[in-house]
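Peer 1: When you get a sec, could you give me coordinates for this:
(chains A and B)
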Amino acid sequence: MDKKYLIPILLSYVAILTALYFAFLYAPTERTMGDVQRIFYFHVPSAWVSFLAFFVVCIASIAFLRTGKESWDILAASSAEIGVLFITIVLLTGPMWAKPVWNTFWTWDARLTTSFILWLIYIAYLMLRSYVHDKERGARFAAVFGIIGFLDVPIVYMSIRWWRTLHPAPVMGGKQGSGLAPEMLMTLMICLGAFTVLFATLLFLRYKTGMVATEFERLKNKIHS
Amino acid sequence: MTGLKQILTIIQKDLILEMRSKEIIVSMLVFSLIVVAVFNFIFDPGSEQIRTTAPGILWIAIIFASNLGLSRSFAREHENAHMQGILLCPVDRSLLYIAKVIGNIIFITIVEIISLPVMVVLFDLDLHGVLPLLLLVLFLGTLGFAGVGTLFSTISANTKSREVMLPILLFPVTIPIILAASKSTSYLLAGRDITQIWSWMRILIIFDVIFLVVCFLLYEYVLEE
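Peer 2: Here you go, the predicted model:
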């Protein structure tokens, strides 16, 4: 395998192994929640990675509309796919943790609702990409939607928060922050770092694949014409 | 021709077309009345519950009917290549967006004006003293929804399954507008304090401004080159 692919893959392999060690062996068991709390070390980094991914989609979309370079479009598409993967992990791990701790799978809290709507928006983004006739226009459509989708994130979050603060909110204790033991905080930081490395690797590989696919498409058209 | 006159001409063109076929308004109207009827069966008719859900049903009827109208109006343009015709005219593309938004607002408003009295009768709503504010809320909600809807229906008209694509793009992104509009409406109809109603209306206005500015800026990118 080419060295430029091998290095990031090995790097994220080591990073994720370290994260697993810290999350399962190093971090102490939470007193009231028990082992189920360890899902937190995968849930929070996944949420972080998905936001990062959608931020990259927005930046790449703006760059694409400004320059018209196809590589920006491929970067946006790659990042969106990875973002959807991680936001799906967030939506799956959240209820797994919430059922034993909150005694409910779901609550219409600002963060949960925003993640869910975000998931819907970027599923729509991927659908839009695959439903267009003309590739060049499709890329512009996707870029426009990618920008609006990301700008929508804080708006959705604020609207849900106002909606919730004007209503009796379901009782849920301090999930994180104040009560976090130093070992737990360190584990979280290591997991955040490891997931970021994993994201960068996935994005790099997906982007390269996208570039090869585009080049292949171009050569194929050249032969046909 | 001045900008204002150009806008008016495009709106006039859409209205004349609609007056000849009556296709869009009639289908939107029938659809919104069907939604109202169906929801009346889902929630026990005549019960107290229906009154608290009436604002929600009103907005569901409006956004579903708007979705139908938006997708029809742009499909028609696409089929008859109207858009190419307009783009050949020396009209600024941002003016085209404004004209399209106003045209869509007119269609949706006509549907609202007819279906609101029907809802008042069916759900026995009391509009004493709240009618001017209710009309304002209806307008603000319609403005935001049509603003985003105009941009997205231009996109979806150029995709493979346009009738499916429009709501998938439009609904998740406009959730803040739908939420603020239906909250304002339900507070109004429940006779809440004016400061509480105003707090949601203010949010609705802020969202309208943000969405309209962003869509206005991005509209030229979704038109054909």
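
Peer 1: which strands and helices sit next to the longest helix seen in chain A?
Peer 2: Once chain A is assigned using DSSP state H, the helix that runs over the most residues is helix A:182-224. Contacts of helix A:182-224 with other secondary structure elements, assessed using 3 or more C-beta pairs under 8 Å, 6 or more residues apart in numbering or on different chains; DSSP states H and E, are made with helix A:3-21, helix A:40-67, helix A:70-102. Where C-beta positions appear, they are placed from N, C-alpha and C, glycine not excepted.

Peer 1: Any chance of those helices in CSV with mean pLDDT as columns?
Peer 2: Formatted as CSV, those follow (pLDDT from 0 to 100):
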stretch, mean pLDDT
helix A:3-21, 91
helix A:40-67, 94
helix A:70-102, 92
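
Peer 1: The ones you listed into CSV, with extra columns for mean neighbour count and distance to chain B?
Peer 2: Converted to CSV, these look like this (neighbours: other C-beta atoms under 10 Å in any protein chain shown; distance: least, C-beta to the nearest C-beta, whole Å):
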stretch, mean neighbour count, distance to chain B
helix A:3-21, 14, 31
helix A:40-67, 21, 6
helix A:70-102, 20, 12
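
Peer 1: Return the residues of chain B in contact with chain A.
Peer 2: Taking C-beta under 8 Å from any C-beta of the partner chain, the part of chain B that reaches chain A is made up of B:148, B:151-152, B:155, B:158-161, B:165, B:168-169, B:171-173, B:175-176, B:179-180, B:183, B:196, B:199-200, B:203, B:207, B:210, B:214-215, B:218, B:221-222, B:224.

Peer 1: In contact with the closest residue in space to residue A:60 that isn't next to it in sequence, which residues?
Peer 2: Spatial nearest neighbour of residue A:60, excluding adjacent residues (C-beta to C-beta, 6 or more residues apart in numbering or on different chains): residue A:76 at 3.8 Å. With contact set as C-beta atoms under 8 Å, 6 or more residues apart in numbering or on different chains, residue A:76 has these partners: A:56, A:57, A:60, A:61, A:64, A:142, A:143, A:146.

Peer 1: Compute the number of surrounding residues for residue B:162.
Peer 2: 18 (other C-beta atoms under 10 Å in any protein chain shown).

Peer 1: so it sits right up against residue B:71, yeah?
Peer 2: Yes - counting by C-beta atoms under 8 Å, residue B:162 sits close enough to residue B:71 to count as a contact (6.2 Å).

Peer 1: Please name every helix or strand in contact with the helix or strand bottoming out on mean pLDDT in chain B.
Peer 2: For chain B, using mean pLDDT, DSSP states H and E, the weakest element among its helices and strands is helix B:82-88, scoring a mean of 79. In terms of contacts (3+ C-beta pairs under 8 Å, 6+ apart), helix B:82-88 is packed against helix B:93-123.

Peer 1: Give me the angle between the next helix or strand after the helix it packs on and helix B:93-123.
Peer 2: Read in the C-terminal direction, the helix or strand following helix B:93-123 is helix B:131-156, with elements assigned using DSSP states H and E. Helix B:131-156 and helix B:93-123 are oriented at 130 degrees to each other (axes from the mean of the first three to the mean of the last three C-alpha atoms, to 10 degrees).
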